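Enquirer: Sequence plus predicted model, see below.
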Amino acid sequence: ISVMCCTVGVGSSFFLDNTVLNNYNETYNNATTIVNGTFIGLTANTLSGISELWKSNFDGTYQQDCSDPDAPVDFFTVFGVVFSGVTGIMAGANLSGELKSPVRSIPLGTLSACFLTFTTFIVLALLTTLTCDKALC
């Protein structure tokens, strides 16, 4: 229940009617600069503003990984995030001894958990793309 409450809370925050400016330091090649990241809620933005965020966030020029300024973001970094989100699904399948009908319940539960996790990741990624500028993504 707490996971669903957190998901609903985070999901609803994308529809806020305000703009938040976030300043943070970025270090690259021993030089520190201040980066301004902007979050604009979907209801506070216009359709053309949302379209511009969509275009700017999908151009594929992400360069910096927060943990290592010299490491570019690549497929395996993103895969590591997604993989950690679905490893708990197998823990549910390992509890099959307590099920009334494990032959039916294990595949149904595993596929349902995969679908829900995949859907949550995709929806949150799309909402982040539509509300945050490139400095925050």
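Expert: Good, I have the coordinates. Residues are numbered from 1 along each chain as shown.
Enquirer: got the phi/psi numbers for F15?
Expert: Listed backbone geometry of F15 is phi -100, psi 10, with angles given as degrees, to the nearest 10.
Enquirer: ignore the last one, N57
Expert: When read as degrees, to the nearest 10, the backbone of N57 gives phi -80, psi -10.
Enquirer: Name the nearest residue to it, ignoring sequence neighbours.
Expert: Closest residue to N57 apart from its sequence neighbours, by C-beta to C-beta, 6 or more residues apart in numbering: T129 at 4.6 Å. Bear in mind the C-beta positions are built from the backbone N, C-alpha and C, glycine included.
Enquirer: Give me the buried positions along the helix or strand where that neighbour lies.
Expert: Per DSSP states H and E: T129 is located in helix 102-131. Neighbour counts using 16 or more other C-beta atoms under 10 Å place I106, G109, A113, L127, T128, T129, L130, T131 of helix 102-131 among the buried residues.
Enquirer: and of the residues you listed, the nearest to F83?
Expert: Among these, A113 lies closest to F83 (C-beta to C-beta), at 14.4 Å.
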